[in-house]
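Pasted the sequence and its predicted model underneath.
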Amino acid sequence: MAKYYTKEHEWVELDGATGTVGISEHAAHELGDITFVELPKIGKAVKQFDTLAGIESVKAASDIYAPVSGKVVAVNDALDAAPELVNESAEEKGWVCRLEGVDAGELAALMDAAAYQQFLKGLE
Amino acid sequence: MKLIYELSVSGRSGVRIPVSDVPKAAPLPQSLRRAEPAALPEVAELDLVRHFTGLSRRNYSVDTNFYPLGSCTMKYNAKVMENAGSLFADSHPVLALLPGGPEKVQGPLSLIHGLEQQLAEITGMDEVTTQPLAGAHGEMTGIMVIAAYHKARGQNRRYVIVPDSSHGTNPASAAMAGYEIVTIPTAPYGDMDLDAFRAAMNDQVAAVMMTCPNTLGIFNPHIAEICEIAHQAGALVYYDGANLNAILGKVRPGDVGFDVIHVNLHKTFGTPHGGGGPGSGPVGVKSHLIPYLPTPRVVKGADGTFGVEAHPEGIGRVSDFFGNFAIMARAFAYITMLGREGLIEVSEQAVLNANYMMARLKEEYELPFDITCMHECVFSASRQLKDGVHAIDIAKYLIDRGFHPPTVYFPLNVKEAIMIEPTETESKQTMDSFIAVMLEAAEVARTRPEELHDAPVTTPVGRLDETRAARALQVCCEL
Amino acid sequence: MGYCPNTPDEIREMLAVIGVGSVEELFSAIPDKLRAKSFDLPAGLSEFELMRIMKEKAAASGQEITNFIGGGLYDHIVPAVVDHLSGRAEFYTAYTPYQPECAQGTLQALYEYQSSICRLTGMEVSNASLYDGGTALAEAALMALRITGRNSIVVDASVNPFHREVVQGYLHSLSAHSEVIAPDGCEPAMDRLMAAITDETAAVIVQNPNFFGSVTDFTELAKKAHQHGALLVVGSYPVALGLIKTPGEMGADIVVGDGQSLGNPLSFGGPYFGFITTTKQYIRNIPGRIIGETVDKLGRRGYVLTLQAREQHIKRHKATSNICSNQSLCALRGLIFMSALGKEGLSELAALNYDKSEYAKSVFSGIKGVTVANRGATFNEFTLTLARPAAEVVEKLLTQGIAAGLPLAPYYEGRDKELVVTVTEKRTKAEIERLAGLLEGAL
């Protein structure tokens, strides 16, 4: 399984038609100490690049966009009590939610890890 | 310092309640009574006095420290305005709504009418309402008026345009008034990108909200053109009066082509900021928008007396009565006392002071837009950043040296922004001492940057852990 | 003279540093065609001349009138200590506490305010103040829309009509729907309120005591609202909360009100402050500034603005509200007032209001042509039905220096003989009896 990234710094990892979504380590670092993750409601259906969730640090608030279309089937409840998990482990323990019914074809609009690293270099 | 609750001793009290001269009534039924008295502090009056006096000494304020907080116009609040504002303490606003009531309250009604007229003349608008209770409340009122105007013309426009350098209240207020927001970037010349603005303008745009001078302290030379482009598309133009202090007597937004304006009495018109409020945000409009002003209106009759009238076509009531009256009384006193020449002197000296500050600091601090500024100037700590020093570090160093810091990290379109607004009431000496410390801070940043990271050290607390505050969310002293 | 201290010599020096020849040159970026076409204001005045004008206006502001009017604003005692302490310039000439190290005074005071207003309303969290009662109620309605994701509000018509008008304007802007439920005389029509709540309802809004003065227990209404996933919003009168059941005890989700009665003078309409309290689960949905406790590096306790990422200066159009300036100084007055009266003092003050009002009710109901319209309990306000139009009676009594009450007719169609009378602790037995005599004479 491999992660695919958006230009807005979300990642998705597909397992069949189920995708796990989070924000990239780069984004977590840029935001600074995360104080709150506004998790989506289970059952929410989103289209690719729609607003999916929200994330806040002390001095910033950002939307998390859906890297792929799908329906929310699970959220990372651990983030309620420990939003710092996103800082500590953005691309593993700090996952945000799982989407079901994902069309792997949509990955074509995203970057793989290598392309994303290139993209980040371009931002510097 | 201890919390007032930590001084509490059961059975102690600070105030004598009036003695009853009527019989004790049968008690309220148990089901309607609270189970226990509210657990408020129990302290003697002297405890109270020492506690709050102690707290007050932990504040920087205009009366104790130079306070060059950009965008906030922290001018000196003259003491006579406090006297003037406190004269109406026992005047009940509902009197004005009783049959025969207005004749009992001609004083306050004439003051409201007088202030509205003063503000109309100062801003070049046709009528003013004093109902809005703060700047952002004025913005929302103004946009609601614009919405009502379009609606009356059978148009259902969806968008409000704001530049990216605007105060956050602009988009937030327009959103509360039901609009979607279109944000226009800042061009390299320091103002809203005119081409991007033209491209965004269409017949679905209800209004454009402009701050002029903008939040970089720059007077937009294209402002009349912006009004024209908007009007051609049938949109109206909103003037955010946050920076009106810069142009008193020099430019009137109404003359330039603006349709709606709000003014912040607590910025330009000398009323105190109160640690975050109360403010007052009167809204002025051109004649085509008068029908949509909120209800009620204070009107002057043919016989010279004042009355209160409903305003049926208007947007309704935006606050409970006539606005923050005692604040309005202070502003009326300020305008009346300064008069025409005094108000012109305000803008001239405010602009002079800001340009002096800019000229003296630009050798050491990066000036992203090196042109004549108006009432405030915006630097960037980008040079200091090379030594690992951020704008916030410089701000905290200033606290140690007895100055309230300038606004930092706003406007958002300047990296590491340091926004300085000295106001007209500060002397050259005060500014020179501040400049000396700013230059010293730049020197420390070059030579001993770590010292700045530890500041402030002279205050009752050092830098506070804001992440912990936001995660733990302790917002109330638990029982 | 605009309090501008620089002398002509200093101005010349400053111009030389800037590199321009005159102050006017600094305005040269402004094209001529944009210059002010007029600035027709009179010449300035001295302090003495100014105060003469201001005192003339104050002399014609009805302050000599004996008030039996409320309408959401109440003529209560204000202990001298409130003026003196809130009048310290370190409080009133400071700005919003964005730099916490040099604003611990304001921050700690507002934290204490939040704590006190929570205790008073029986709720868990509070913000640092809103504008006034009406706008606080409107913010509560918007907050309920956000929390529930629904678009419809049920409002009891016995909620203060001024406040309802403000709510209406805010809801209208967002195309949200509101259903107003007519009262049952002077009491809320509980059965109709219950029946109006559906699975589409974001909130039901009530007020206690209501505009007619009636005191109600809304516990059952809270349960009914919660069954449908709706919130109960309660408008409150802080001094009454010294005695009556708290919204918290009833299961309310959001509590709002005007803090005027807590140490803020009437001042012809303001400034006062609006308050809003809620439960912990809704803290992120509350509008405006919130103060939180934390520590510095050395572990010293301190206070900061927290949850700022909800606010307009960061979240812009997605913020929970557009509010920036609030009514901080008035909230400070509220805190000092609550602290001065304290636990027992506020209860005593509330009891005194209740006793005076009950006495007035008993005296007035003995007058021929006057009946008390409230069927149940009241606090310090009640509604009288008169044998004549209330407006006529009020107008007549006003010429005798007494504001007898607020006629209902302009706000409630067909209720032209009814009058809401307010009796605070400041009204003496003699004043109550004088009003009774004048009422009797006017009927």
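Received it, and whenever you're ready, just let me know what you need.

helix/strand/coil for the spatially most central residue of chain A?
By Cα atoms, centre = their mean, chain A has its centre lying nearest to A:Gly22, at 2.4 Å. Recorded secondary structure, A:Gly22: strand (DSSP: H, G, I helix; E, B strand; the rest coil).

Identify the residues contacting it.
Residues near A:Gly22 by Cβ atoms under 8 Å, 6 or more residues apart in numbering or on different chains: A:10-11, A:86, A:90-91, A:94-96. Where you see a C-beta, it was placed from the backbone N, CA and C, and this is true even at glycine.

How many residues are close by the closest residue to A:Glu8 other than its chain neighbours?
In space, and not counting its chain neighbours, A:Glu8 is closest to A:Tyr65: 5.1 Å by Cβ to Cβ, 6 or more residues apart in numbering or on different chains. Other residues near A:Tyr65 number 19, with proximity taken as other Cβ atoms under 10 Å in any protein chain shown.

ok, now C:Ile11?
18.

how near is the residue nearest to the centre of chain A to chain B?
Per Cβ to the nearest Cβ, to the nearest Å, A:Gly22 is found 19 Å from chain B.

Which of the contacts of A:Gly22 are buried, as a PyMOL select command?
Here is the PyMOL selection string for the buried members of the contacts of A:Gly22, based on 16 or more other Cβ atoms under 10 Å in any protein chain shown:
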select buried, chain A and resi 10+11+86+90+91+94+95+96
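
got the contacts of A:Gly22 as a markdown table, with distance to C:Phe162, pLDDT and secondary structure columns?
Below are the contacts of A:Gly22 laid out as a markdown table (distance: Cβ to Cβ, whole Å; pLDDT from 0 to 100; DSSP: H, G, I helix; E, B strand; the rest coil):
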| residue | distance to C:Phe162 | pLDDT | secondary structure |
| --- | --- | --- | --- |
| A:Glu10 | 47 | 97 | strand |
| A:Trp11 | 52 | 98 | strand |
| A:Val86 | 46 | 97 | helix |
| A:Ala90 | 50 | 96 | coil |
| A:Glu91 | 54 | 97 | coil |
| A:Gly94 | 49 | 97 | coil |
| A:Trp95 | 50 | 98 | coil |
| A:Val96 | 45 | 97 | coil |
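
Break chain C into its domains for me.
Annotated domains of chain C cover C:66-76+C:344-442, C:80-337 [automatic domain parsing].

do the lowest-mean-pLDDT helix or strand in chain C and chain B meet at all?
Within chain C, no helix or strand scores below helix C:312-315, which has a mean of 90 by mean pLDDT, DSSP states H and E. Yes - using Cβ under 8 Å from any Cβ of the partner chain as the criterion, contacts between helix C:312-315 and chain B involve C:312-315.

most surrounded residue in the residues you listed?
C:Gln312 (27 neighbours).

isn't that residue right next to C:Asn322, touching?
Yes - with contact defined as Cβ atoms under 8 Å, C:Gln312 counts as touching C:Asn322 (5.4 Å).

Which neighbours do these two have in common?
Common contact partners of C:Gln312 and C:Asn322 (Cβ under 8 Å, 6+ apart): B:136, B:169, B:172.

gap between the nearest residue to the second one once chain neighbours are set aside and C:Arg310?
If I follow you right, that is B:Thr169. Closest residue to B:Thr169 apart from its sequence neighbours, by Cβ to Cβ, 6+ apart: B:Ala136 at 4.0 Å. Using Cβ to Cβ, to the nearest Å, we find B:Ala136 at a distance of 14 Å from C:Arg310.

between the two, who's got more neighbours?
Between B:Ala136 and C:Arg310, counted using other Cβ under 10 Å, the more crowded position is B:Ala136 (29 against 23).

Surely that one is within a helix?
Yes - assignment of B:Ala136 by three-state DSSP places it within a helix.

For residue 6, the count of nearby residues, please.
If you meant another chain, say so; for now it's chain A. 24.

Let me rephrase: I mean chain C.
Using other Cβ under 10 Å, C:Asn6 has 20 other residues around it.

Enumerate every residue touching the nearest residue to C:Pro188 once chain neighbours are set aside.
With sequence-adjacent residues excluded and distances taken as Cβ to Cβ, 6+ apart, C:Pro188 is closest to C:Asp156, at 4.8 Å. By Cβ under 8 Å, 6+ apart, the contact set of C:Asp156 is C:180-181, C:183, C:188-189, C:193, C:204-207, C:210.

How confident was the prediction at B:Ala445?
B:Ala445 carries a pLDDT value of 97.

The one helix or strand it maps to and chain C, any residue contact?
Element membership for B:Ala445 (DSSP states H and E) is helix B:428-447. Yes - residues of helix B:428-447 contacting chain C under Cβ under 8 Å from any Cβ: B:Lys428.

now that helix: how far from the chain's centre is it?
Offset of helix B:428-447 from its chain centre (Cα atoms, centre = their mean, to the nearest Å): 28 Å.

Low-confidence regions, chain C specifically.
C:1 (pLDDT under 70).

Which residue does it have closest to chain A?
Going by Cβ to the nearest Cβ, chain A is nearest to C:Ala309 of chain C, at 3.9 Å.

All the strands of the stretch 151-300 of chain C, in order from the start?
In the stretch 151-300 of chain C, the strands defined using DSSP state E, counting those that start in this stretch lie at C:152-156, C:177-181, C:201-208, C:231-236, C:254-258, C:274-278, C:290-295.

Now the third one: buried residues?
Neighbour-count burial for strand C:201-208, counted by 16+ other Cβ under 10 Å, picks out C:201-208.

Out of those residues, which are close to chain A?
Counting by Cβ under 8 Å from any Cβ, no member of the buried residues of strand C:201-208 is near chain A.

got a list of what B:Asn65 touches?
Counted by Cβ under 8 Å, 6+ apart, B:Asn65 has contacts B:402-404, C:102.

before we move on, what about C:Met123?
Per Cβ under 8 Å, 6+ apart, neighbours of C:Met123: C:246-248, C:252, C:255, C:277-279.

hmm, 6 Å instead?
By Cβ atoms under 6 Å, 6 or more residues apart in numbering or on different chains, the residues touching C:Met123 are C:248, C:255, C:277.
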